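K.L.:
How does the following fold in three dimensions:
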Amino acid sequence: TMVQWRYGIGLYVPFFTAGIIAGRNDWMKSVEEMETWCVWMLRTIVVGFWILMFLEAGSGIIPIPGVNIDAGVLENLLPPIYAVPMTLALIQFFHQYFNG
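P.N.:
Got it, this is the predicted structure:
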């Protein structure tokens, strides 16, 4: 049984469907041949989300003046918005550096 259905409906089903469509339409070539600016934009988005997660986690321990991050909104919006650039960045990273 699935414990958190929001991940199943919001992430697993769309990623499975996108994977089938990507395989049939040969999208991996476009991911492998991404331009440099697009690769760095994906990496910047991922690092930006890491900073947001760090600030949200740290604000519970040490209050940061002027930084008000709503944990509920961040927890609900983070998984689907973060998953796409992180997945593309990882695919591109491993293709570029570990694909002998």
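
K.L.:
Can you give me the separation between Phe16 and Asn68?
P.N.:
Distance, Phe16 to Asn68, using C-beta to C-beta, to the nearest Å: 36 Å. Backbone N, C-alpha and C define where each C-beta goes, glycine included.

K.L.:
cool, Val46 as well?
P.N.:
Going from Val46 to Asn68 by C-beta to C-beta gives 23 Å.

K.L.:
Neighbour count: those two, which is higher?
P.N.:
The neighbour count for Val46 versus Asn68, taken as other C-beta atoms under 10 Å, is higher for Val46 (17 against 8).

K.L.:
residues in contact with that one?
P.N.:
Tyr82, Pro85, Met86, Ala89 (C-beta atoms under 8 Å, 6 or more residues apart in numbering).

K.L.:
tell me which element it falls in.
P.N.:
Element membership of Val46 [criterion: DSSP states H and E] is helix 36-61.

K.L.:
residues of that helix that come out buried?
P.N.:
Under the neighbour-count criterion of 16 or more other C-beta atoms under 10 Å, helix 36-61 has Val39, Leu42, Arg43, Ile45, Val46, Phe49, Glu56 buried.

K.L.:
what do you get for stretch 85-100?
P.N.:
Across stretch 85-100, burial judged by 16+ other C-beta under 10 Å covers Pro85, Met86, Thr87, Leu88, Ala89, Gln92.

K.L.:
what's the second one in contact with, if anything?
P.N.:
By C-beta under 8 Å, 6+ apart, the contact list for Met86 reads Val46, Phe49.

K.L.:
Per-residue pLDDT of it, please?
P.N.:
Looking at Met86, its pLDDT is 83.

K.L.:
next one: the fifth one
P.N.:
As summarised for this prediction, Ala89 has a pLDDT of 85.

K.L.:
Just want to check the distance between the residue nearest to it when sequence neighbours are not counted and Phe16.
P.N.:
Nearest residue to Ala89, sequence neighbours excluded (C-beta to C-beta, 6 or more residues apart in numbering): Leu42, at 4.3 Å. Look at Leu42 and Phe16: by C-beta to C-beta, they are 21 Å apart.
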